[in-house]
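Q: pasting the sequence and the predicted model now:
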Amino acid sequence: VLTIMENLSFDDLPFFNGLLTHLFHYGLPVPAPKQTLDGMTSTIFCNKPTVLFPKLEGGHHEKPTAHHCVQIGKVLGDIHCALATTDLHRPNPFNVDWMIGTIERVGPLLDESDQVLLHKMAEEYAELNELSLPKGVTHGDLFRDNALFVQDELTGVIDFYRACDDFLIQDVAITINDWCRTLDDEIDESLKISLITGYESVRSLEKEEKEFLPCFQRAACARFALTRLLSGNEGEHLKDPHEYIQLAARLF
């Protein structure tokens with residue numbers, strides 16, 4: 001898969017290529033970048049950073065089962081534990097200042113009740129960032145369309161371009177919000193338990209992480225509602241931001 005980086009600079013690539021190479025050498029199902037003849041993991045095409053990745057087998061599951069969620073939880077735990085052994089770091093681009101500033105920027109696109117809800121979540125997110133919970137390099141975007149399965153067995157995890165330093169429980173919350181969300185914007189508790197069970201088969205969650213998980217789920221809702229509001233043109237967003245605004249309202 002020839003990948004031309006539209007939104008990443010040449011300075012960004014060593015982090016992402018190093019991350020994928022590290023995870024691949026740990027035996028995880030990720031696409032490690034191919035090397036050029038001179039040993040580089042990236043090149044230039046049309047003056048943009050370009051990487052060649054192997055194509056992984058499999059397709060996406062739109063209706064996850066408990067079996068899928070256990071596998072996703074486990075691979076997320078594997079990713080966290082493997083990346084704990086690296087010196088790779090990338091600041092979180094979705095920090096508190098970003099959230100507050102983005103809410104101000106996109107506020108005119110929302111009705112008053114949604115603005116109030118997002119401001120409430122931003123205040124809560126600021127408080128969460130004062131907690132002393134485990135941190136590390138996270139995937140940051142482990143949605144259903146970033147996992148590949150052959151029949152019902154996980155064969156690949158892709159799209160690590162939101163990876164950064166963050167609370168590990170934030171990554172778990174992001175993943176739960178997509179894999180365990182019903183069509184009615186509710187969280188299926190049985191799927192949530194399955195995902196956490198898979199994760200804890202690799203890394204046990206601390207008591208405080210479990211306690212604040214719902215808060216981090218709301219923070220994840222705010223993050224993805226805002227990134228979706230920033231995508232595409234006004235009124236023509238690439239993905240519906242209101243899915244996450246509605247889910248956030250249900251999580252309070």
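A: All right, it came through fine. Given the structure is predicted, the values throughout are model-derived calculations rather than measurements. Numbering: from 1, shown residues only.

Q: contacts, neighbours, all on C-alpha from now
A: Will do.

Q: what's across from Thr50 in the sheet?
A: Thr50 has these beta-bridge partners by DSSP bridges: Ile4, Thr43.

Q: and it, what does it touch?
A: By CA atoms under 8 Å, 6 or more residues apart in numbering, the residues touching Thr50 are Leu2, Thr3, Ile4, Met5, Ser42, Thr43, Ile44.

Q: Trp179: which of those is nearest?
A: Thr3 (26.1 Å; CA to CA).

Q: any regions of the stretch 151-252 of the chain where pLDDT drops low?
A: In the predicted model of the stretch 151-252 of the chain, residues 232-237 satisfy pLDDT under 70.

Q: what ranges does the stretch 151-252 of the chain have for its strands?
A: Assignment of strands within the stretch 151-252 of the chain using DSSP state E, counting those that start in this stretch yields the ranges 153-157, 164-167.

Q: dump the ones you listed to CSV, plus mean neighbour count and distance to Ile72.
A: Listed next are those as CSV, based on neighbours: other CA atoms under 10 Å; distance: least, CA to CA, whole Å:
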stretch, mean neighbour count, distance to Ile72
strand 153-157, 19, 8
strand 164-167, 21, 18
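
Q: need those strands in CSV (columns: distance to Gly59).
A: Supplementary listing: these in CSV, determined by distance: least, CA to CA, whole Å:
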stretch, distance to Gly59
strand 153-157, 9
strand 164-167, 26
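
Q: compare those and report which one is nearest to Asp111.
A: With distances scored as CA to CA, the stretch of these nearest to Asp111 is strand 164-167 (30.2 Å).

Q: what is that closest one packed up against?
A: Contact analysis of strand 164-167 by 3 or more CA pairs under 8 Å, 6 or more residues apart in numbering; DSSP states H and E lists strand 135-138 as its packing neighbours.

Q: in its sheet, what does the strand it packs on sit against?
A: Using DSSP bridges, strand 135-138 pairs in its sheet with strand 164-167 (antiparallel).

Q: from the chain's centre, how far out does the strand it pairs with sit?
A: Averaging C-alpha coordinates over strand 164-167 and over its chain gives two centres that are 10 Å apart (CA atoms, centre = their mean, to the nearest Å).

Q: try stretch 136-154
A: Averaged C-alpha coordinates place stretch 136-154 at 9 Å from its chain's average position (CA atoms, centre = their mean).

Q: tell me the buried residues in that stretch?
A: For stretch 136-154, the buried set under the neighbour-count rule, 16 or more other CA atoms under 10 Å, comprises 136-144, 147-149, 152, 154.

Q: which residues touch that stretch?
A: Outside of stretch 136-154, the residues that reach it under the criterion CA under 8 Å, 6+ apart are 56-62, 67-68, 71-72, 76, 79-80, 83-84, 88-90, 155-168, 171, 174-175, 178-179.

Q: buried only: go through those residues for me.
A: 56, 58-61, 68, 71-72, 76, 79-80, 83, 88-90, 155-160, 162-168, 171, 174-175, 178-179.

Q: where does the stretch 1-150 of the chain dip in pLDDT?
A: Low-confidence segments of the stretch 1-150 of the chain (pLDDT under 70): none present.

Q: kind regards, and thank you for your time.
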